[in-house]
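J.: Sequence and predicted model, in that order:
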There are 2 protein chains.
Amino acid sequence: MDKPLTKPSIREINERVILAAAESVFAERGFSGATMSMIAKRAGSPKANIHYYFPTKETLYRAVVARVLTAWLDAARSFDASDDPKEALTAYIGAKMDLAREMPLSSQIYASEMMRGAPVVQDYLETTLSAWVAERSGVVRRWIAQGKLKPIEPKYLFFMIWATTQHYANAAHEMATLEGGPLSDEAFERAKGQVAQTVLFGVAAGG
Amino acid sequence: MDKPLTKPSIREINERVILAAAESVFAERGFSGATMSMIAKRAGSPKANIHYYFPTKETLYRAVVARVLTAWLDAARSFDASDDPKEALTAYIGAKMDLAREMPLSSQIYASEMMRGAPVVQDYLETTLSAWVAERSGVVRRWIAQGKLKPIEPKYLFFMIWATTQHYANAAHEMATLEGGPLSDEAFERAKGQVAQTVLFGVAAGG
DNA sequence: GTCTATAATCGGATAGAC
DNA sequence: GTCTATCCGATTATAGAC
């Protein structure tokens, strides 16, 4: 967007390091629970330096959330990979599952944001996400009309997919405890497959 | 447990009021974000009084979480309502959905607890919940052996049910924004039915 | 058991030297 | 651009009168 290929300036490098540190602290402790000292320590620079790059705690938080939304929207595109419900849903669920596994911190921040009433992402909910849901709901309804899916309410299907996939990030600790350790790659792939299969059989026409 | 029928003592009454206030504040702001002043104000008594009943913020938080777990376990019992998978799962999903709708604050507190790494409920995860999952996994495997369900991993089924049902509490704000207002009772009942149907068709044998 | 006043601490933010 | 020292408001917790 604003970066050519050359010149990873000092500012850029430092911002990256700070954002990564902030993301992990915000995920663990929530907005209020996170402290600038903690973020500074994890970023490896003195507290005042954090304030030099991000004037206030809220500025920093907003920057972190912005990155989360970008990743979210990228994954959302996989829904459009195919016009066949089986393929589209499998791709979408897979992408969301992978996102939860690869960026668990983002997922937790998003969840916290929602529970706080979306003070920062309200605008995103009302514009980008609403539009996405409206459009894809149309696609789902078309599949229903074509007899490919059961007559379901598309929104509740999306809620279910979001819930289940994000749960693999939000409740990673719970799962790890119940499994006796973090989900292995193999276990995760099995889970991914089962989620996709369950949803597909759950909504496929002719049950 | 420790209360006969008579004598709702002053202590009991006040503790109840304080716990209710604390629950709502902890749900909205998380542990660190909640302040004792906020809780006191919502409970309608001076801050020092809160400390009289609950010496520290953490004591109070633990008491709130204890109530959450009780409600959780009550709902879990509905799984045992029947030995038929269709009935058992429908009852269980319904109970969890109702719980999310009737006690959204508890659900949010539980979710926050998990994201923080379960500092308070770790013991519950390792004992009570682990045992519950182990036992019910056995039941599910029996259903599979009887040809009533697809050969799935029971744990991932439970994860999916927990995720989806809790999502109706945790993401209530997101849903409300997308729906243009809070889910009506009718919409919620439709959602409940669709979730149950999707899961049932999703795991039923012979897809 | 209730409440006002206050102690003690913590955390966000800033000043200003380097 | 970096960092030490510090300010100041907010927050947990307590003392002690009623």
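T.: Cool, got the structure.

J.: quick check, A:G117 in a strand?
T.: No. Read with DSSP: H, G, I helix; E, B strand; the rest coil, A:G117 is coil and lies in no strand.

J.: OK, contacts around it?
T.: A:G117 sits next to B:E28, B:H173 when contact means C-beta atoms under 8 Å, 6 or more residues apart in numbering or on different chains. Where C-beta positions appear, they are placed from N, C-alpha and C, glycine not excepted.

J.: Enumerate the residues of chain A near DNA strand D.
T.: Residues of chain A lying near DNA strand D by C-beta under 7 Å from any atom of the strand: A:S9, A:I10, A:R11, A:N14, A:S45, A:P46, A:K47, A:A48, A:N49, A:Y52, A:Y53.

J.: try 6 Å this time
T.: Taking C-beta under 6 Å from any atom of the strand, the part of chain A that reaches DNA strand D is made up of A:I10, A:R11, A:N14, A:S45, A:P46, A:K47, A:A48, A:N49, A:Y52.

J.: If any of those residues are buried, put those into a PyMOL selection.
T.: Buried members of the residues of chain A next to DNA strand D, defined by 16 or more other C-beta atoms under 10 Å in any protein chain shown, are picked up in PyMOL with:
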select buried, chain A and resi 14+45
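
J.: just checking, what packs against whichever strand or helix holds A:E135?
T.: A:E135 belongs to helix A:130-145 when assigned by DSSP states H and E. Helices and strands in packing contact with helix A:130-145 are listed as helix A:85-102, helix A:154-170, helix B:172-179; criterion 3 or more C-beta pairs under 8 Å, 6 or more residues apart in numbering or on different chains; DSSP states H and E.

J.: pretty sure A:F158 is in contact with A:E135, am I right?
T.: No. Assessed by C-beta atoms under 8 Å, A:F158 is found out of contact with A:E135, at 11.5 Å.

J.: Look at the two and report which has more neighbours.
T.: Each of A:F158 and A:E135 has its neighbours counted (other C-beta atoms under 10 Å in any protein chain shown); A:F158 has more, 20 against 11.

J.: how near is the more buried one to B:A196?
T.: Separation of A:F158 from B:A196 (C-beta to C-beta, to the nearest Å): 17 Å.

J.: same deal with A:E28?
T.: Distance from A:E28 to B:A196, by C-beta to C-beta: 35 Å.

J.: More neighbours: which of the two?
T.: B:A196 (20 against 16).

J.: name the element that one belongs to?
T.: Secondary structure assigned from DSSP H and E places B:A196 in helix B:185-203.

J.: Low-confidence stretches in chain A?
T.: For chain A, residues meeting the criterion pLDDT under 70 lie at A:1-7, A:207.

J.: Could you pick out the longest helix of chain A?
T.: For chain A, the longest helix by residue count, based on DSSP state H, is helix A:10-33.

J.: touching chain B at all, that helix?
T.: Yes. Applying C-beta under 8 Å from any C-beta of the partner chain, one finds that helix A:10-33 is in contact with chain B at A:A27, A:E28, A:R29, A:G30, A:F31, A:S32, A:G33.

J.: Need the buried ones from the residues you listed selected in ChimeraX.
T.: The ChimeraX selection below is limited to those of the residues of helix A:10-33 next to chain B classed as buried (16+ other C-beta under 10 Å):
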select /A:27,28,29,30,31,33
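
J.: I'd like the residues of helix A:10-33 next to chain B laid out as a markdown table, including distance to DNA strand C.
T.: Putting these into a markdown table (distance: C-beta to the nearest atom of the strand, whole Å) gives the following:
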| residue | distance to DNA strand C |
| --- | --- |
| A:A27 | 15 |
| A:E28 | 13 |
| A:R29 | 9 |
| A:G30 | 11 |
| A:F31 | 9 |
| A:S32 | 8 |
| A:G33 | 8 |
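
J.: List just the nearest of the residues of helix A:10-33 next to chain B to A:A191.
T.: A:A27 (21.1 Å; C-beta to C-beta).

J.: so the closest one sits right up against A:Y110, yeah?
T.: No. Between A:A27 and A:Y110 no contact is recorded; they are 9.7 Å apart, counting by C-beta under 8 Å.

J.: Now the closest residue to DNA strand D within chain A: which helix or strand?
T.: Scanning chain A for proximity to DNA strand D using C-beta to the nearest atom of the strand identifies A:A48 as nearest, at 3.0 Å. Taking DSSP H and E as the definition, A:A48 sits inside helix A:47-53.

J.: quick revisit: with just CA atoms, put the helix holding A:E135 into CSV.
T.: Listed next in CSV are the C-alpha coordinates belonging to helix A:130-145 (Å, rounded to 0.1, in the frame of the first residue of the first chain):
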residue,chain,number,x,y,z
SER,A,130,-22.7,-7.0,6.9
ALA,A,131,-22.2,-6.7,3.1
TRP,A,132,-20.2,-9.9,3.0
VAL,A,133,-23.0,-11.8,4.9
ALA,A,134,-25.8,-10.3,2.7
GLU,A,135,-24.0,-11.3,-0.5
ARG,A,136,-23.1,-14.8,0.6
SER,A,137,-26.5,-15.4,2.1
GLY,A,138,-27.8,-14.8,-1.4
VAL,A,139,-25.4,-17.5,-2.7
VAL,A,140,-26.6,-20.0,-0.1
ARG,A,141,-30.2,-19.3,-0.9
ARG,A,142,-29.5,-19.9,-4.5
TRP,A,143,-28.0,-23.3,-3.6
ILE,A,144,-31.1,-24.0,-1.6
ALA,A,145,-33.3,-23.1,-4.5
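
J.: Just the buried residues of it, please?
T.: So for helix A:130-145, counting by 16+ other C-beta under 10 Å, buried means A:W132, A:V133, A:R136, A:S137, A:V140, A:W143, A:I144.

J.: Give me the domain ranges for chain A.
T.: Per the record, chain A has its domains at A:1-55, A:66-203, by automatic domain parsing.

J.: So which of the ones you listed is the most surrounded?
T.: Most buried of these by mean neighbour count (mean count of other C-beta atoms under 10 Å in any protein chain shown) is domain A:66-203; its value is a mean of 18.

J.: What's the end-to-end length of that domain?
T.: Distance between the two ends of domain A:66-203: 33 Å, counting by C-alpha to C-alpha, to the nearest Å.

J.: Am I right that A:P8 falls within a helix?
T.: No. Under three-state DSSP, A:P8 sits outside any helix and is assigned coil.
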